[in-house]
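*Asks:* Turn this into a model:
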Amino acid sequence: MSLPLVLLSTLLLACASPAEPGPPDPPAAGAKPAATLPELQNRLIHYADSLKQPKDSAQHVFTSMLGVTLAPIAPGAKSGRVKDMPLSGGYMFYASSLATQPPHTFGDYEVGIYRHGGPAFTEDERSPCVWDAAIARQRLESIGYQAGGERPFQRGRRQEFWRPIEDSEKEFYVHLLTYTAVAGQEKTCVYAIRFSGGNP
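*Replies:* Model (predicted):
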């Protein structure tokens, strides 16, 4: 290439305007999901802490926190789910959302831990403890959630926690779904967590 052409090409490149950044892509399925139980637990507690207003529970915020994309459970369905997300130690997790209709303005989500092909934690008395319920409770209370009621739920129990929304009569709710682990030492443990909101 002759010298004038080289100079002309250099000048055109220098004067070119940088491309405008486009909107961020939604997280791809399995993009940087939690890889260990402690990492998943930390993300879930941080998400609970981030819920200040109903808009904070938008689905894209929830999926971005987990690093996953939810697929419709059926063609055209508004409910979504992802499963068989691997964690260390042979565990997996799933995440799901339930379709909500106005005037319900809160996201309704569940994240659960399980063993692929193994019995449910609530059905196996030798189940290990994947998340100590006492520690989960302490962490929720440290970010302003208050303990509510507890009741039987699908061979285990469900513990409710709530936190008021500022300048509103509504509340955010976190439910811990628990089982009793007797491997080594009996204790109450969490296998799933639910997020929702609404009127007291």
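
*Asks:* any idea which helix or strand comes after the worst-scoring helix or strand of the chain on mean pLDDT?
*Replies:* The helix or strand of the chain with the poorest confidence is helix 3-15; it has a mean of 38 (mean pLDDT, DSSP states H and E). Per DSSP states H and E, the first helix or strand lying C-terminal to helix 3-15 is helix 37-50.

*Asks:* Figure out how far that next one is from the centre of its chain.
*Replies:* On the basis of CA atoms, centre = their mean, to the nearest Å, helix 37-50 sits 8 Å off its chain's mean C-alpha point.

*Asks:* Report the contact partners of the closest residue to Gln154 other than its chain neighbours.
*Replies:* Closest residue to Gln154 apart from its sequence neighbours, by CB to CB, 6 or more residues apart in numbering: Thr122 at 6.5 Å. Where C-beta positions appear, they are placed from N, C-alpha and C, glycine not excepted. Residues in contact with Thr122 (CB atoms under 8 Å, 6 or more residues apart in numbering) are 154-156, 179, 191.

*Asks:* Repeat that for Ala120.
*Replies:* By CB under 8 Å, 6+ apart, the contact list for Ala120 reads 114, 155, 191.

*Asks:* Including pLDDT and neighbour count, could the residues you listed go into a markdown table?
*Replies:* What follows is these, written out as a markdown table (pLDDT from 0 to 100; neighbours: other CB atoms under 10 Å):
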| residue | pLDDT | neighbour count |
| --- | --- | --- |
| Tyr114 | 96 | 19 |
| Arg155 | 88 | 11 |
| Tyr191 | 97 | 21 |
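
*Asks:* Keep only those of the residues you listed that are in strands.
*Replies:* Using DSSP state E, the members of those that fall in strands are 114, 191.

*Asks:* Let's have the contacts of Ala120 in a markdown table, adding distance to Ala134.
*Replies:* Below are these laid out as a markdown table (distance: CB to CB, whole Å):
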| residue | distance to Ala134 |
| --- | --- |
| Tyr114 | 21 |
| Arg155 | 20 |
| Tyr191 | 15 |
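
*Asks:* with the contacts of Ala120 in mind, which one is nearest to Ala71?
*Replies:* Nearest to Ala71 among the contacts of Ala120: Tyr114, at 18.1 Å, using CB to CB.

*Asks:* buried set for stretch 181-190?
*Replies:* 181, 188-190 (16 or more other CB atoms under 10 Å).

*Asks:* got the CA positions of it in CSV?
*Replies:* Extracted C-alpha coordinates of stretch 181-190, given in CSV (Å, rounded to 0.1, in the frame of the first residue of the first chain):
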residue,chain,number,x,y,z
ALA,A,181,-31.2,-34.0,59.4
VAL,A,182,-30.1,-36.7,61.8
ALA,A,183,-26.8,-37.6,60.1
GLY,A,184,-24.2,-37.1,62.8
GLN,A,185,-26.2,-34.6,64.9
GLU,A,186,-29.9,-33.9,64.6
LYS,A,187,-30.7,-30.4,63.4
THR,A,188,-33.2,-28.4,61.4
CYS,A,189,-31.9,-27.6,57.9
VAL,A,190,-33.1,-25.6,54.9
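
*Asks:* ok, which stretches of the protein are strands?
*Replies:* Ranges of strands within the chain are 71-72, 80-86, 91-97, 109-115, 146-153, 156-164, 171-181, 187-198, based on DSSP E.
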